[in-house]
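> structure for this input, please:
(one chain, ligands or ions: 2)
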Amino acid sequence: MTDYTPDAALLAKAETLTEALPYLQRYAGQTFVIKYGGHAMGDPEAQRDFAEDVVLLKAVGINPVVVHGGGPQIGAMLKRLGVESTFVGGLRVTDAATAEVAEMVLAGKINKEIVGWIAALGGRAVGISGKDANLVIAEKVTRTEPDLNSGIERHVDLGFVGEPVAVDPAILRNLARDGFIPVVAPVALGTDGATYNINADTMAGAIAGALDARRFFLLTDVAGVLAKDGTLITDLDATAIAALKTDGTISGGMIPKVDTCIAAVEAGVEAAVILDGRVPHAMLLEIFTSQGAGTLVHA
Ligand SMILES: Nc1ncnc2c1ncn2[C@@H]1O[C@H](COP(=O)(O)OP(=O)(O)O)[C@@H](O)[C@H]1O
Ligand SMILES: CC(=O)N[C@@H](CCC(=O)OP(=O)(O)O)C(=O)O
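Ligands and ions are numbered 1, 2, ... in the order given. A predicted model of the protein is given here:
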């Protein structure tokens with residue numbers, strides 16, 4: 001006989017674990033694509049929390065694939081180097097010098113930092129970019145904008161800004177199968193052999209679609225998609241998103257996010273969720289509790 005009686009706090013911990021049980025059963029063996037935005041990468045504590053969530057997902061049998069951004073970090077490096085940078089429709093105009101800096105910062109600095117945080121917590125991450133094993137093939141993005149004076153749509157040359165036109169996810173499946181956590185930088189080769197800078201949301205959505213991911217998370221610096229009065233919109237589909245874009249509720253950096261969510265769910269991803277990556281363990285709470293967080297985009 002034992003006279004051991006766990007106290008209430010300890011019992012609450014057991015309850016937390018048992019509450020997670022149905023989710024653990026549901027998601028074992030499934031692929032989750034996580035887009036980690038440059039704005040969501042906060043202080044070392046926040047970075048540790050993020051890496052802890054990713055390592056935990058892997059430990060319970062989920063296959064996380066991390067696709068990261070780094071817009072603010074590219075901006076800071078360009079500033080240090082005295083290179084001007086401008087955006088058109090949320091995309092960085094990328095000349096040859098900017099493409100070189102973007103690849104250095106994304107595939108060099110940030111990619112290896114994330115690999116390091118995961119390694120520090122006992123995970124085995126492999127950092128690659130879209131170039132590796134032909135993961136992503138890009139094509140130059142074309143954009144038009146209304147002329148400020150005449151209002152006539154004119155072509156804008158964004159330089160080496162690409163969008164994925166083909167994704168071969170074999171390398172990601174192989175890495176996941178062998179126990180590794182892939183960490184992907186949004187840079188890829190074009191069909192012309194040039195290096196292209198790709199918006200990280202767009203890159204992540206294309207990868208989530210190609211992997212038929214069960215879940216696609218976009219971690220950013222807002223609670224999700226907000227209405228004009230600042231309240232969180234918890235549920236969206238393509239029709240609702242089109243209306244919010246037309247009336248200007250969704251603008252700037254939120255546009256590529258919702259567009260890529262729609263593309264991903266149309267490609268077979270079950271659900272995409274935009275949530276605040278600065279909230280400690282936001283992703284874990286979303287996955288393993290009945291409490292939804294952020295904005296869920298579904299087909
Ligand atoms: N309706 C909206 N709801 C929430 N954020 C919006 C909305 N419209 C525009 N935004 C802007 O989009 C930003 C998120 O995009 P971005 O800065 O590109 O993030 P990240 O670096 O994480 O990719 C928000 O911080 C906000 O300024
Ligand atoms: C073409 C383009 O705009 N590329 C982005 C790539 C990084 C990115 O998207 O990072 P976030 O997710 O942190 O914004 C850029 O140069 O900033």
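> would you indicate which residues of stretch 291-299 are buried?
293-297 (16 or more other C-beta atoms under 10 Å). To be clear about C-beta, it is placed using only N, CA and C from the backbone, and glycine gets the same treatment.
> now swap in stretch 229-248 and tell me
233, 236, 238, 241, 244.
> contacts for it next, please.
Stretch 229-248 has contacts (C-beta atoms under 8 Å, 6 or more residues apart in numbering) with 223-227, 250, 255, 258, 261-262, 266, 292, 294-299.
> give me that answer again for 7 Å
Contact partners of stretch 229-248, identified using C-beta atoms under 7 Å, 6 or more residues apart in numbering, comprise 223-227, 250, 255, 258, 262, 292, 295-299.
> likewise for stretch 26-39?
In contact with stretch 26-39 (C-beta under 7 Å, 6+ apart) are residues 50, 54, 57, 61-73, 176, 200-201, 204, 207-208, 211, 213-221, 277, 283.
> out of these, who's near ligand 1?
69, 71, 201, 220-221 (C-beta under 6 Å from any ligand atom).
> now those: which count as buried?
The buried subset of these - by 16+ other C-beta under 10 Å - is 69, 71, 201, 220.
> which residue, other than its chain neighbours, is closest to the last one?
Looking back up the chat, that one is residue 220. For residue 220, ignoring the flanking residues on the chain, the nearest one in space by C-beta to C-beta, 6 or more residues apart in numbering is residue 37 at 4.7 Å.
> what's the burial count for the one you found?
For residue 37, the tally of surrounding residues (other C-beta atoms under 10 Å) stands at 24.
> ligand 2 versus that one, what's the distance?
4 Å (C-beta to the nearest ligand atom, to the nearest Å).
> distance-wise, check that residue relative to residue 6.
40 Å (C-beta to C-beta, to the nearest Å).
> before we move on, the earlier item: from the ones next to ligand 1 among the contacts of stretch 26-39, pick the one nearest ligand 2.
residue 69 (2.1 Å; C-beta to the nearest ligand atom).
> what are the ranges of the helices in this protein?
Per DSSP state H, the chain carries helices over the ranges 8-27, 44-59, 71-80, 96-103, 111-120, 170-177, 200-211, 238-246, 254-266, 282-288.
> need the winner for burial among those helices.
Mean neighbours per residue, mean count of other C-beta atoms under 10 Å, is largest over the helices of the chain for helix 200-211, with a mean of 28.
> and the nearest residue to residue 19 once chain neighbours are set aside, how many neighbours does it have?
Nearest non-adjacent residue to residue 19, counting by C-beta to C-beta, 6+ apart: residue 289, 6.3 Å away. For residue 289, the neighbour count with other C-beta under 10 Å is 13.
> for the stretch 101-250 of the chain, what lies in contact range of ligand 1?
201, 220-222, 225-226, 249-250.
> now, which of these lie within strands?
residue 220 (DSSP state E).
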